[in-house]
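> from the sequence below, what's the structure:
(one chain, ligands or ions: 1)
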Amino acid sequence: MNTRICELLGIKYPVFQGGMAWIANASLAGAVSESGGLGIIAGGNAPKEVVKKEIRKIKAMTNKPFAVNIMLLSPFAEEIVDLVCEEKVPIVTTGAGNPSKYMKRFKENSIKVIPVVPSVALGLRMEKIGADAVIVEGMEAGGHIGKLTTISLVPQVADALSIPVIAAGGIGDGRGMAAVFMLGADGVQIGTRFLVAKECTVHENYKQKIIQARDIDTVVTCQHFGHPVRALKNKLTREYDQLEKLELKQENPDLKKFEELGQGALYKAVVEGDMDSGSVMAGQIAGLVKKEETAEEIIHSLIEETTEVIKGQYQKYL
Ligand code: TUI
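Coordinates of the predicted model:
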């Protein structure tokens with residue numbers, strides 16, 4: 001299971017843990033990195049000092065490589081760029097935007113850069129300006145998503161680019177991991193399954209909601225206005241639906257109303273455990289996630305299953 005992304009980053013297994021805002025802290029990322037994957041600390045919407053603490057914590061937990069995800073819609077994105085340069089973070093992933101204007105600084109600081117790309121065009125642009133790899137995220141993923149599915153997007157980006165491709169969205173076990181390898185991926189990024197890791201400090205209500213989720217339980221809000229987000233259906237997503245129906249009829253839709261509804265909603269779910277008014281972001285694969293396990297158990301079972309599936313011994317798991 002040693003692919004070119006393992007060589008590039010110095011990791012044992014080609015498994016990234018998603019940089020989930022408010023969720024992916026040093027506790028989870030440190031455990032993933034220690035287990036041979038790539039642990040990722042989420043910048044999310046947090047200010048520099050908060051992320052700095054997590055970086056210091058992970059440095060004390062492990063000598064293995066880790067990354068910081070910079071969420072480019074964050075008002076603090078600029079200061080998180082300063083922070084990763086100051087702290088000599090070895091790897092940065094970016095999401096929710098185009099990181100071109102920061103690329104020179106990342107490269108000057110010998111930071112490996114792996115942007116999330118929702119299209120071939122952005123993938124090509126990122127390769128041209130020096131990205132070391134890309135994360136190709138399909139709309140099966142949780143949180144803020146693009147328009148295409150993993151199965152369609154991964155082979156198209158893999159054909160167009162020479163740098164390694166990490167597939168994300170809809171991958172929860174060795175079958176999914178083997179499948180994206182067949183599509184040309186060199187690695188995977190997994191969010192939803194790591195959400196229920198023992199080391200993940202998300203509220204217990206959130207974990208139980210994921211474990212109880214069925215295949216049909218996620219929805220995408222803000223399809224027409226603002227930023228589309230996939231989350232588990234609840235009171236909040238129903239309110240979004242109503243607002244969307246109302247605003248679609250208006251000549252000048254009020255985007256502020258969408259922003260207000262979303263304000264602090266992820267924090268409410270992650271920290272306060274509010275499963276009604278909080279945003280319980282999760283991928284479509286939530287229905288497959290059945291139990292809490294350590295990060296190490298998750299990674300080892302992923303690798304074992306993937307190897308078996310690729311060897312053609314899938315029957316073992318039926
Ligand atoms: O970023 C994510 N997932 C996220 S961010 C997040 S926090 C948030 N909450 C509410 C609203 C918005 C954000 C929760 N989940 N995944 C990576 C990702 N990146 N998905 C889609 C994209 C993306 C979209 C457009 C990347 C680049 C892009 O480029 C547009 C451009 O400017 O070229």
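
> the closest residue to the ligand within the stretch 1-150 of the chain: what's it in contact with?
Nearest to the ligand, among the residues of the stretch 1-150 of the chain, is residue 143, at 2.2 Å (C-beta to the nearest ligand atom). Where C-beta positions appear, they are placed from N, C-alpha and C, glycine not excepted. When contacts are counted by C-beta atoms under 8 Å, 6 or more residues apart in numbering, residue 143 touches 20-21, 191, 229-231, 281.

> any idea where the strands of the protein begin and end?
Here the chain has its strands, by DSSP state E, at 15-17, 39-42, 66-71, 91-95, 112-117, 134-137, 143-144, 165-168, 187-190, 218-221, 229-232.

> highest mean neighbour count out of those strands?
Mean neighbour count (mean count of other C-beta atoms under 10 Å) peaks for strand 15-17 among those, with a mean of 31.

> check the offset of it from the chain's centre.
9 Å (C-alpha atoms, centre = their mean, to the nearest Å).

> could you do stretch 8-17 as well?
Put simply, stretch 8-17 sits 15 Å off its chain's centre (C-alpha atoms, centre = their mean).

> any residue of that stretch touching the ligand?
No. Stretch 8-17 does not reach the ligand (C-beta under 6 Å from any ligand atom); its nearest approach is 12.1 Å.

> now do the same end-to-end measure for that stretch.
17 Å (C-alpha to C-alpha, to the nearest Å).

> hmm, back to that, of the contacts of residue 143, which are in range of the ligand?
21, 229, 281.

> minimum distance to the ligand, which residue of the stretch 201-318 of the chain gives it?
With C-beta to the nearest ligand atom, the shortest gap between the stretch 201-318 of the chain and the ligand falls at residue 227, namely 4.1 Å.

> so the residue of the stretch 1-150 of the chain closest to the ligand versus residue 95, what's the distance?
8 Å (C-beta to C-beta, to the nearest Å).

> equivalent analysis for residue 61, please.
In terms of C-beta to C-beta, residue 61 sits 24 Å off from residue 95.

> can you check residue 257 too?
Distance of residue 257 to residue 95, given as C-beta to C-beta: 25 Å.

> from what I see, residue 69 and residue 91 are in contact.
No. The pair residue 69 / residue 91 is not scored as a contact, 9.8 Å apart, by C-beta atoms under 8 Å.
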